Structure formats: C-alpha cells, structure tokens
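K.L.:
sequence plus predicted model, see below.
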Amino acid sequence: YFGAPYADTTTFYDNIDGFFQTAFTQRHNLAFSGAASDNKINYRLSSGILRQKGVVPGSDLNKINLTGSSQAQVNRWLNVDLSTIYSYSINDQTFKGAGGPLIGLLVWPATDDAADYLTPAGNRRRYTNLSAASEVDNPYFNVAKNKINSKNDRLIANLTLTLTPFSWGSLKSILGTDGYTNQNLVLRHPESAFGINNNGILDVADDITRNLNEQTLLSFNSHQLTKDLSISGLVGNAVSDAKSTVDASQGMDFLEPNFVSVNNTNKRTSRTSIAQRRLVSAFGQAMLDYKNYLFLNLQGRND
C-alpha cells in the first residue's frame, strides 16, 4: 500500500470475483445404427452438439457434428464403404496478453466498480486522466467491445471400393475429400486503448480450402515360388490435390463505432492469396519369404 489511508466510509468492490464466471460444458449425442436382414448392408448415423462457456465472459464455443457411415457387400467380389462427417463451429475468444481483459482486471482499483464500464451516453467510461491509449481497457469493456471470432464449416467424405474377383489378390480404391470454409474476425473497438489511435481496427479473412485424395492399390497374395520361398507384394498410385484461397481485408477509421463491418470504415486494404499443390505418386513393394523366418522387402516410390 502507498499514499494516504482509505477513509472508513470507502466502498470496495470485489471486481475479480464479479468478473469471472463458472465454466459450463454441455454435450448432447444421438446415434442410430442398423443392418439389413442378411447383414450385407449396415449403417450408422450420429449427431453431437457441444456448448462451452469459459471462465472469462465472451469465451464461448458452440459446435455441431453430423456423421454417417455405411458398408455394403454388393456381391461376392465387391465391397463398398462410405463415410461422411459434417461439422460447424462458432468460437468466440477474448484477447490475451497486454491487450487482454486480465491485465485490466489486475490493475483496476478496488474502489471503483469495474462492472460500470459505460457512460450514460454508452461510451467507454474513463477512470484516469491518462490518454485513452495509455489507460488500460476496463475488463468488462474489453470483452464486450473487442472481439475475436472464428466460424468453421467443414465436410469430410470418404469412399472405399474393394474388388476381389480373383483369388490371387485384390484391388482397392480410396477416394476422399476434405473441404472447409473458415471465417475469422478480429476487432479493436474505436474507443479501446489499442484501437483509438486508428479510430478502430477490423481484420476479417475467409479461408476456403479443399483437399482431394485418391489412392489405388493392387495387392498380390503370397505365392509359392519354390517349396521354401514365397513372394507377395503390391503396386499402387496416389493423387493428392490441395487448394486454399484466402480473402483478407482490413478496415480502420470507423464511421459508426458499434457497427462491425469493413464497409463501415474509411481506410480499407484487401489481399487475396491462393496456394495449390498437386502430388502424383506411383509406388510398389515386394516381399520374399524364406521358410517364414527370413524376409527380404523391396520398396520403391516416385512422386
């Protein structure tokens, strides 16, 4: 402690206990499964909902998952597997470190009610005579006005075909796709300590990504070359194609302080980035087996 003692009539506020909240997690899951009477076709459908609230107000996660899978023995030599996963999540976060609410909570005086963070006009209530950029943000103001948010929309699907029309081996082909759209937003309110010098800063970015994969394997069962020596192996190919497009924009100098949109800013910059990679591969493997105790493996791959 330093300075003059507080007067006996001073009112103190427990800003820390008043700020934090009890964390909360809620899950709901529902699943169905079944099969045809001859068991040649089976399936499973499931869904899940997750809701989470963190100890810091404004740190929330909401997510939904839908999954489906099925397997079918079409005929004696063809088997089909299909699986899909769809998910959608909304993740609200708070800033960390020097610009986060915990620093403001740490230094906020106990003689002031931190929960009273707005003026009657709805603006940021100031506590000191420092400049607006030098006074740390009130923790309640920080979580209410400064935002970090991401939304993710994702679909994954896989199809596997297994053919065994011959006794000496099998042919398997796997097709897969993984695509998602990720929307990101970072906001520094025009009245906040980190945003006031630019009259607000808003960063938004949309990441659209898709990944395609294919792999085909021709496997050879073990074949006796001599009484003591046998050989088995496989040959295959794979194709992987990935592409990501990111559209990002930044806006500064808000026209209306509480309307969150790049169109609500005077200074705007944008950038689009595209990344793509395609990989085509061929590979093979042979294994020699001598009396089931001495083995020689040969492998090769070209990308």
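P.N.:
Received it, and whenever you're ready, just let me know what you need.

K.L.:
residue contacts, the closest residue to Gly195 other than its chain neighbours?
P.N.:
Excluding the flanking residues, the one nearest Gly195 by C-beta to C-beta, 6 or more residues apart in numbering is Arg188, at 3.2 Å. From N, CA and C alone the C-beta is placed, and that goes for glycine too. Contacts for Arg188 (C-beta atoms under 8 Å, 6 or more residues apart in numbering) come out as Gly99, Asn146, Phe194, Gly195, Asn198, Gly200, Ile201, Leu202.

K.L.:
the last one sits in which helix or strand?
P.N.:
Using DSSP states H and E, Leu202 sits in strand 201-224.

K.L.:
note down every partner strand of that strand and its orientation.
P.N.:
strand 169-188 (antiparallel), strand 229-254 (antiparallel) (DSSP bridges).

K.L.:
check which element follows the longest one along the chain.
P.N.:
So that's strand 229-254. Following strand 229-254 in sequence, per DSSP H and E, is strand 265-290.

K.L.:
now for that following strand, which elements pack on it?
P.N.:
strand 229-254, strand 294-302 (3 or more C-beta pairs under 8 Å, 6 or more residues apart in numbering; DSSP states H and E).

K.L.:
any idea which of these is most buried?
P.N.:
Of those, the one with the most neighbours on average (mean count of other C-beta atoms under 10 Å) is strand 229-254, at a mean of 16.

K.L.:
and the angle from it to strand 294-302?
P.N.:
Between the axis of strand 229-254 and that of strand 294-302 there is an angle of 40 degrees, by axes from the mean of the first three to the mean of the last three C-alpha atoms, to 10 degrees.

K.L.:
now strand 229-254: average pLDDT?
P.N.:
The pLDDT scores in strand 229-254 average 96.

K.L.:
that older thread, so the residue nearest to Gly195 bridges to which residues?
P.N.:
Note on Arg188: beta-bridge partners by DSSP bridges are Ile201.

K.L.:
gap between it and Gly99?
P.N.:
8 Å (C-beta to C-beta, to the nearest Å).

K.L.:
so what's in contact with the two at the same time?
P.N.:
Asn146, Phe194.

K.L.:
okay if I get the helices and strands packed on strand 265-290 as JSON lines plus distance to Ser33?
P.N.:
Putting these into JSON lines (distance: least, C-beta to C-beta, whole Å) gives the following:
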{"stretch": "strand 229-254", "distance to Ser33": "32"}
{"stretch": "strand 294-302", "distance to Ser33": "39"}
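
K.L.:
which of the ones you listed sits closest to Leu212?
P.N.:
Of all the helices and strands packed on strand 265-290, it is strand 229-254 that lies closest to Leu212, at 4.5 Å by C-beta to C-beta.
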